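Here is a sequence together with a model predicted from it:
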Amino acid sequence: MSVVAVIPARGGSKGVPRKNALPVGGVPLVQRAVRAALACPRIDVVAVSTDDEEIADLARAAGARVVDRPAALAGDTASSETALLHALDAIGADAEVLVFIQATSPFIDVAALDDAVERVQYGTEDVVFSATETYGFLWERTPGGAVGINHDASYRPRRQEREPHFLENGAFYVMDAAGFRESRHRFFGRVGIVATDERGAIEIDTIEEFEVAQAIAPLLDRPDIIDVDAVITDFDGVHTPDTATISADGEERVTVSRSDGMGVRLLREAGIPVLILSTEKHPVVRARAEKLRVEVQHGVDDKAAALLAWAREKRIPLERIAYVGNDINDLACLELVGWPIAVPGSHASVLSAARVILTRPGGDGAVRELAERVLRARTTAHTDHPPFVTQQHHQKEVVPHG
C-alpha cells in the first residue's frame, strides 16, 4: 500500500449544495473521482473521506474505502490538509506517496495522474500537481489602476514569442507522504507540474460551472462500451425519428430501422432484458414491441414509477440499467439509472443529463449502436476503437402508427 489516494468529499457545500453527490454525465462527482483513481495503475488504495452517509454509500459502490470524517474536520473552515492527515492515520497504511484527488474536478486525466505518481515515486519531485498551460496576460486591480502581473504592459509579444504560465486546476496533487506529514501542507520541497488538457480542466465551485460540466461531459467522456444488465428505451424519438406521416384517410405512419430491430434481437439473444417504455398510447408501440419480442409498457403517465417497479420485479439494480430518451418526459427516468443515454437532437435538458450521447439518430440506428456498445462490454474490458455502428448502412421500414 505504498500509494494511497484520498478523496475528501464532505456533504456540505454552499456554492453548489451537495455537489459531491450530484451527477455529471450520469455519474456522481465522488464516483467519477473514485473511478479515475482506480484506473490509475500506480495507486494501491483509494479512500473517500466524508461526513455524509449518502456520499459514503456512493463511494463504497464505486469501489473505494470510506473514512468517516469527524464533524470538526468537515466544516466550511476546515482545510483539505487536515482531512488528508486524518485519512492517512485512519487508513493505517505506511504510505510512501499520497495522492490528493478533488471530486470537484470531473474530468481527471488518468495518464497525467499516473505520470505524476511515477515522478514522486522515483524522487524526481516531492510534489507534482495538475495545471493548465496558459499564455494569457494577467492583471490585478490596485488603488492606482490595473497592473500587469505576468507581463510588461508596454510590450505585447506574440503568443509564439512568449513562455507559458501554468494555472493550478485543482484536479490532483501527488505528494511524498513523509514530506507532507512533516510540512502539513501540499506544497513543499521540489514542486513539479503536469500539464493537462484545458478542455477538461474545469473545477466545480459554482452552479454555472456545474452546468458547463454537465454540458461537456458527453463530449469528453465518450465511453465506447456500456456495461449494463438491462436496456429500457422510449419509443418516439428513439425507435423512430420522432415524426409521423398522415395518409389521406387519417392513418398515421412512423418509420423505424431494420438495423435497430437487429440490435434488439442481438440483445435479446444475449439474455439482456429490453423494455420499451412510452407515454404514447398507440397500437404501433405494442405492435413494434411484439415484432421485436420484447416487453412493452405504453400509455404510461409516470414513467419513473414504472421503471422502478420493473427494475424491482426483475431484481436489476438501477445502476446496471441503461435508459435511452430524447425529451423532457424522459428526465425522471434518466436521473434514476446508472447509464442515462440520449440520442442526437434531444432536448437540451436531456443532453445535459446524459452520460452518453449516441452518434446515430433516433429511428436510424440509435438502438443498434446502443446494442453493440452493450454487447461489446460483454466481450472486452476496454477498447480504443470508435463505435463501428457508424460504418453500417441502415435500412428503414414503415409501420402504421394507429
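Here it is on my side, so go on.

mind listing what's buried in the longest strand along the chain?
As assigned by DSSP state E, the longest strand anywhere in the chain is strand 165-176. Residues 169-176 are the ones in strand 165-176 that count as buried (16 or more other Cβ atoms under 10 Å). Bear in mind the C-beta positions are built from the backbone N, C-alpha and C, glycine included.

before we move on, what about stretch 104-123?
Buried, per 16+ other Cβ under 10 Å, within stretch 104-123: 104-109, 112-120.

Equivalent analysis for stretch 18-25, please.
In stretch 18-25, counting by 16+ other Cβ under 10 Å, buried: 19-25.

what's the average pLDDT for it?
For stretch 18-25, mean pLDDT rounds to 90.

follow-up on the earlier one: of the buried residues of strand 165-176, just say which sits nearest to Arg10.
Nearest to Arg10 out of these is Gly170 (Cβ to Cβ; 15.5 Å).

what residues are up against the closest one?
Contacts for Gly170 (Cβ atoms under 8 Å, 6 or more residues apart in numbering) come out as 102, 104-105, 130, 203.

Output those residues as CSV; include the columns secondary structure and distance to Arg253.
Formatted as CSV, these follow (DSSP: H, G, I helix; E, B strand; the rest coil; distance: Cβ to Cβ, whole Å):
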residue, secondary structure, distance to Arg253
Gln102, coil, 53
Thr104, coil, 49
Ser105, coil, 49
Ser130, strand, 54
Glu203, coil, 50
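
of all these, which two lie farthest apart?
Thr104 and Ser130 (12.7 Å).

just to revisit the earlier point, how about the longest strand of the chain as PDB, C-alpha atoms only?
Output in PDB follows, covering the C-alpha atoms of strand 165-176 (Å, rounded to 0.1, in the frame of the first residue of the first chain):
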ATOM      1  CA  HIS A 165       2.400  30.100 -17.400                       C
ATOM      2  CA  PHE A 166       0.500  27.400 -15.600                       C
ATOM      3  CA  LEU A 167      -2.800  27.700 -13.900                       C
ATOM      4  CA  GLU A 168      -3.400  25.300 -11.000                       C
ATOM      5  CA  ASN A 169      -6.700  23.500 -11.900                       C
ATOM      6  CA  GLY A 170      -7.300  21.600  -8.600                       C
ATOM      7  CA  ALA A 171      -7.700  18.100 -10.100                       C
ATOM      8  CA  PHE A 172      -4.900  16.300  -8.200                       C
ATOM      9  CA  TYR A 173      -1.800  16.800  -6.100                       C
ATOM     10  CA  VAL A 174       0.700  13.900  -5.600                       C
ATOM     11  CA  MET A 175       3.000  14.200  -2.700                       C
ATOM     12  CA  ASP A 176       5.700  12.400  -0.900                       C
END
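
Where does the prediction get shaky in this protein?
By pLDDT under 70, the low-scoring segments of the chain are 1, 93, 380-402.

Now Leu4: closest residue in space, sequence neighbours ignored.
Slight slip there: residue 4 is Val, not Leu. Ala95 (4.2 Å; Cβ to Cβ, 6 or more residues apart in numbering).

My assumption is that the one you found lies in a strand; please confirm.
No. Per DSSP: H, G, I helix; E, B strand; the rest coil, Ala95 lies outside any strand segment and is coil.

what are the ranges of the strands in the stretch 151-300 of the chain?
With strands called from DSSP state E, counting those that start in this stretch, the stretch 151-300 of the chain shows them at 165-176, 191-195, 230-233, 245-246, 252-257, 274-278, 295-298.

before we move on, the earlier item: how much space between the residue nearest to Val4 and Leu73?
Look at Ala95 and Leu73: by Cβ to Cβ, to the nearest Å, they are 19 Å apart.

what's the domain layout of the chain?
3-218, 230-400 (automatic domain parsing).

chain center to the shortest one: distance?
Here domain 230-400 shows a centroid-to-chain-centroid distance of 20 Å under the convention Cα atoms, centre = their mean, to the nearest Å.

and stretch 126-142, how far apart are its ends?
Start-to-end span of stretch 126-142 (Cα to Cα, to the nearest Å) is 35 Å.

for stretch 220-232, same thing?
Note: stretch 220-232 ends 24 Å apart using Cα to Cα.

in that stretch, what's buried?
221, 224-226, 228-232.

sorry, back to before: could the strands of the stretch 151-300 of the chain go into TSV alongside distance to Val212?
TSV is the format used below for the strands of the stretch 151-300 of the chain (distance: least, Cβ to Cβ, whole Å):
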stretch	distance to Val212
strand 165-176	14
strand 191-195	21
strand 230-233	29
strand 245-246	39
strand 252-257	34
strand 274-278	31
strand 295-298	36
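
Tell me which of those lies nearest to Ala5.
strand 165-176 (8.5 Å).

Report the inter-axis angle for the closest one versus strand 191-195.
120 degrees (axes from the mean of the first three to the mean of the last three Cα atoms, to 10 degrees).
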